[in-house]
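**Q** Here's a sequence, model it:
(2 chains)
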Amino acid sequence: MTKATYTLPKILNSIKPNNIMRQLIMIILGILSLSSCVAVREYDKVYLNDEEMILATKSLERFETNFQIYREAAAGANGGKTGGGCGCN
Amino acid sequence: MVDVDVIKKKMKKLGFILFFGLISWAGFSQGNNQEYVKKVLETPEVELLYSYYSQDGNNAAVTGGEGTEKLTDMTPTIIVSIPLGEDNVLTLDAGISAYTSASSSNINPFDGNNTASPWVESSGASKSDALTYFHPTFTHSSKDRNDIVSGNVSVSAEYDYFSIGFGGGYTHLMNEKNTELGISGQVYLDTYKPQYPIELRQGFFDNRITGAGTYSPIFSEFNALKRNSYSVSLNFSQIISKRLQASLSLDIIYQEGLLSTPHQRVYLQDRSDFFIEDFQLADNVEKLPFNRFKIPIGGRVSYYLNELISLRGYFRYYYDDWGVTSYTGSLEIPVKISEKFTVYPMYRFYTQTASDYFYAKETALSTYKYYTSDYDLSAFNSNQYGFGVTYKDIFTQSKVWKFGIKSISFRFNQYERTTGLSASIFELGAKFIMD
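**A** Residues are numbered from 1 along each chain as shown, chains lettered A, B, ... in the order given. Got it, this is the predicted structure:
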């Protein structure tokens, strides 16, 4: 009888906890700590509600994101496609 | 096998029924509201978008990393957002991406019109195609607008590719809507209808073949034609001050199935070269692993400098188990030149390392398990720069039928890659709201 073996995906083995993950955790903790700052009230959000302040890609930018998915190996973390749904990388 | 034409017709019919049916329903339900409650979306909105993309380069993957990459793509798109009651919005997103590609035309370069060459476009059927897609999304917000749930489906089809997808997401706002946490998931179930290079197809014969010995490629057809993609996204955004806000996104993506593109040729170092006219015959098509794990982490920052200028920054780190690491950075500076006009200079820098499986023409050996000569997986940097202009009319004074023009936008970007690929994209969009 053979033992079932399970290997982690290559990417998980290659991530060094003392570099990438540490930096990522520091960034997340850094941003999370900002949530403890004094909240900006609704009536003080005039600047933040400006259309140019949006924290996302605008609908017209989708075409740029699309061609970049085809022409570059990287995708995702930008609100666009992450792979699949097209014959792209 | 999927009958793409039937699906396209059905999608078109379904799209018309949904579009007109739901606009009517939205209008009817507005008329019956007795008590005014601030809706998530007050009136139906329609966005018409169009893009024209063109590129050229010398490293076409279809011809094994050497050959014309000339391509044009036009993408008319419509997005209709329809309020359903006070708390729900249905968004219907449909479009066509119609392209002509010199390299795809060379899946069969032997059309008899010109001397066959990777630098010359063929007149074969594969020189053009259209991707049609339909992507409805339903969004529900809680009464206090602190919880948002969404679900979507998507269908897309082109001649050699069919995809169906679905997904959902949940977003929670807290800390007086200063903090936003979101999680979403998406699944795509895709199927290839492979179009192998003509010389690799069963029964191919041509008495013009030149070379040492007999042409005998090591090619065998792919058995599994499915490609499944699964992704989970975690999003966090935070208001930092009255002028500054930032967000962080982490995607975890897993793909399995046919990740090779069946019509991309590879020329191997240890195989003899064979030609018909000036066109070298393939030794094989690209061979890539049947799974891929990707982790992109992105961050955005928006800063309101003054009434005239804002700053929008974006950064992304990407890592995958094919050996690609990349960094992306971009900056857009919206400048309000008048009450109605805003201009946007923009710049984006991108850099990536090569995939472990990338080999330039005739450098891979036939003993290798995986290889590709697709320069999209090579090491390169790219620079993208451009500008945009937006015209906004918050009072929607200009009308088209029952719709008032809310905004008109235009963007142009030039893209230069260190591999020699050069591209430009022109985008036009108009947003209308129903009176």
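**Q** The one residue in chain B that gets nearest to chain A: which element?
**A** At 2.7 Å from chain A, B:S229 is the closest residue in chain B, using C-beta to the nearest C-beta. The way it works is simple: take the backbone N, C-alpha and C, and place the C-beta from them, glycine included. Per DSSP states H and E: B:S229 is located in strand B:226-239.
**Q** Run through the helices of chain B in chain order.
**A** B:4-31, B:102-105 (DSSP state H).
**Q** just for chain A, where's the confidence low?
**A** For chain A, the stretches with pLDDT under 70 are A:1-38, A:85-89.
**Q** again, only using 90
**A** By pLDDT under 90, the weakly predicted segments of chain A are A:1-39, A:51, A:59, A:77-89.
**Q** now whichever residue of chain A sits closest to chain B, what's its secondary structure?
**A** Residue of chain A nearest chain B, by C-beta to the nearest C-beta: A:G84 (2.7 Å). Recorded secondary structure, A:G84: coil (DSSP: H, G, I helix; E, B strand; the rest coil).
**Q** What is the burial count for the nearest residue to it once chain neighbours are set aside?
**A** Distances taken as C-beta to C-beta, 6 or more residues apart in numbering or on different chains place B:S229 nearest to A:G84, at 2.7 Å, with adjacent residues excluded. Residues within reach of B:S229, counting by other C-beta atoms under 10 Å in any protein chain shown, total 24.
**Q** how near is B:S229 to B:V285?
**A** Distance, B:S229 to B:V285, using C-beta to C-beta, to the nearest Å: 21 Å.
**Q** Spell out which parts of the stretch 251-400 of chain B neighbour chain A.
**A** Neighbours of chain A within the stretch 251-400 of chain B, by C-beta under 8 Å from any C-beta of the partner chain: B:251, B:253, B:255, B:261, B:292-300, B:302, B:304, B:310, B:312, B:314, B:316, B:318-322, B:324, B:326, B:328, B:334, B:336, B:342, B:350, B:352, B:355, B:376-377, B:382, B:384, B:388, B:392.
**Q** my read: B:L308 touches B:K336, true?
**A** Yes. Counting by C-beta atoms under 8 Å, B:K336 is a contact partner of B:L308 at 5.5 Å.
**Q** These two: who's more crowded?
**A** Taking other C-beta under 10 Å, B:L308 and B:K336 do not tie; B:K336 has more neighbours (18 against 10).
**Q** quick one: contacts for the residue of chain B closest to chain A?
**A** By C-beta atoms under 8 Å, 6 or more residues apart in numbering or on different chains, the contact list for B:S229 reads A:T82, A:G83, A:G84, A:G85, B:Q186, B:V187, B:Y188, B:D190, B:I253, B:Y254, B:Q255.
**Q** just to revisit the earlier point, what's the least confident stretch among the helices of chain B?
**A** Comparing mean pLDDT across these, the weakest is helix B:4-31, with a mean of 49.
**Q** Could you pull up phi and psi at B:A282?
**A** With angles defined as degrees, to the nearest 10, B:A282 sits at phi -70, psi 150.
**Q** can you count the residues close to it?
**A** B:A282: 27 neighbours (other C-beta under 10 Å).
**Q** swap in B:Q397?
**A** Neighbours around B:Q397, by other C-beta under 10 Å: 8.
**Q** contacting residues for the residue nearest to the spatial centre of chain B?
**A** Centroid-nearest residue in chain B, with C-alpha atoms, centre = their mean: B:S97, separated by 9.9 Å. Going by C-beta under 8 Å, 6+ apart, B:S97 touches A:N66, B:D73, B:M74, B:T75, B:A130, B:L131, B:T132, B:Y133.
**Q** ok, now B:D320?
**A** By C-beta under 8 Å, 6+ apart, the contact set of B:D320 is A:I11, A:A73, A:A74, B:R292, B:F293, B:K294, B:I295.
**Q** nearest to B:G65, of these?
**A** Among the contacts of B:D320, A:A73 lies closest to B:G65 (C-beta to C-beta), at 15.1 Å.
**Q** Let me know the secondary structure of the closest one.
**A** Under three-state DSSP, A:A73 falls in the coil class.
**Q** what about it, distance to B:F380?
**A** A:A73 is 10 Å from B:F380, by C-beta to C-beta.
**Q** anything in contact with each of these two?
**A** B:Q352.
**Q** Which one's more surrounded, these two?
**A** Remark: of A:A73 and B:F380, A:A73 carries more neighbours, 25 against 22, as counted by other C-beta under 10 Å.
**Q** Apart from its neighbours in sequence, what residue is nearest that one?
**A** Using C-beta to C-beta, 6+ apart and skipping the chain neighbours, the partner closest in space to A:A73 is B:V324 (4.3 Å).
**Q** Then A:Y70 would be within a strand, right?
**A** No. Counting by three-state DSSP, A:Y70 is not part of a strand but helix.
**Q** How many neighbouring residues does it have?
**A** Neighbours of A:Y70 (other C-beta under 10 Å): 16.
**Q** does the residue of chain A closest to chain B really touch B:I164, like I thought?
**A** No. Using C-beta under 8 Å, A:G84 is not in contact with B:I164, being 10.3 Å away.
**Q** what do those two both touch?
**A** With C-beta under 8 Å, 6+ apart as the test, A:G84 and B:I164 both reach B:Y188, B:D190.
**Q** any idea how far B:I82 is from B:L49?
**A** 17 Å.
**Q** just B:A125 next, same as before
**A** 38 Å.
**Q** more crowded one of those two?
**A** Legend: neighbour count by other C-beta under 10 Å for B:A125 and B:I82, higher for B:I82 (24 against 14).
**Q** now stretch B:51-62: how far from the chain's centre is it?
**A** Stretch B:51-62 sits 15 Å away from the centroid of its parent chain (C-alpha atoms, centre = their mean, to the nearest Å).
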